[in-house]
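Asks: need a 3D model of the following:
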Amino acid sequence: METTLDPTKSSLEIQKVRGKSRVTRSVNISPLKILHPQSPNDCSYVVLSNYGGGMVQGDNVHLDLVCHQDSKLYLGTQANTRIYKSINQDQSKQVIHGSLDKNALAVFYNDPIVPHENSDFIQSQTWNLKENASLLLVDWMCSGRDENGEIFKYKSYTSQIKISQDNDLILNDQFTSRPKEHYPTSPIRFGDYYTSLNIYF
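Replies: Have a look, this model is predicted:
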């Protein structure tokens, strides 16, 4: 697979090396930190983290990820991703572009995103899968810090997920919640629940 990675963005490449999947490129651009502890098996293990345990207003995280042919990746997060309050119009943003080559496998199992009071967050994930590639993707958010009484106190939360097979779009799922406008406890939104968990395979 030919790859052109932007040096101004965080990037990660996984390749099969001597029969095992290994990280062959890892570039961290603040505030994102990419950790890749040694894995004893045929799967590369990578953890996404950040400074301060969350994202502050104006943070813009962009990760380009490439899994080459026959490689395997487990991608997780170090803990809940907290979205801190925005005191002006600056959003916190996270963008992930993932490419899976032939027969590659990627599992992205992230801990929940927890938006604090008056936070404003948007995330976008775009994945393209080649022949026989497999992706398991978890999109998980909580409505706020329950122990602080911050249920549905955020300004805005948006999640956009697009998955393509050989560049043909097969899934386009977009969700936005603005509690002051959308009545989050209505039956067509959260109802009696305080979390949203979507799993794509």
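
Asks: please count neighbours and contacts with C-alpha atoms only from this point.
Replies: Noted.

Asks: list the buried residues in stretch 15-25.
Replies: Neighbour-count burial for stretch 15-25, counted by 16 or more other CA atoms under 10 Å, picks out 15-16, 20-23.

Asks: what do you get for stretch 181-198?
Replies: residue 184.

Asks: how about residues contacting that stretch?
Replies: By CA atoms under 8 Å, 6 or more residues apart in numbering, the residues outside stretch 181-198 that reach it are 138-143, 151-152, 177-178.

Asks: okay if I get those as TSV plus neighbour count and distance to residue 68?
Replies: Rendered in TSV, the data for these read as follows (neighbours: other CA atoms under 10 Å; distance: CA to CA, whole Å):
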residue	neighbour count	distance to residue 68
138	18	21
139	19	23
140	18	26
141	21	29
142	20	33
143	25	36
151	18	41
152	24	40
177	19	35
178	16	38
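
Asks: now render the residues you listed as JSON lines, adding pLDDT.
Replies: Shown next, in JSON lines, are the contacts of stretch 181-198 (pLDDT from 0 to 100):
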{"residue": "138", "pLDDT": "96"}
{"residue": "139", "pLDDT": "94"}
{"residue": "140", "pLDDT": "95"}
{"residue": "141", "pLDDT": "94"}
{"residue": "142", "pLDDT": "94"}
{"residue": "143", "pLDDT": "93"}
{"residue": "151", "pLDDT": "93"}
{"residue": "152", "pLDDT": "94"}
{"residue": "177", "pLDDT": "94"}
{"residue": "178", "pLDDT": "95"}
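
Asks: low-confidence stretches in this structure?
Replies: Flagging of the chain using pLDDT under 70 yields the residue ranges 1-5.

Asks: burial of residue 112, as a residue count?
Replies: Residues near residue 112, counting by other CA atoms under 10 Å, number 20.
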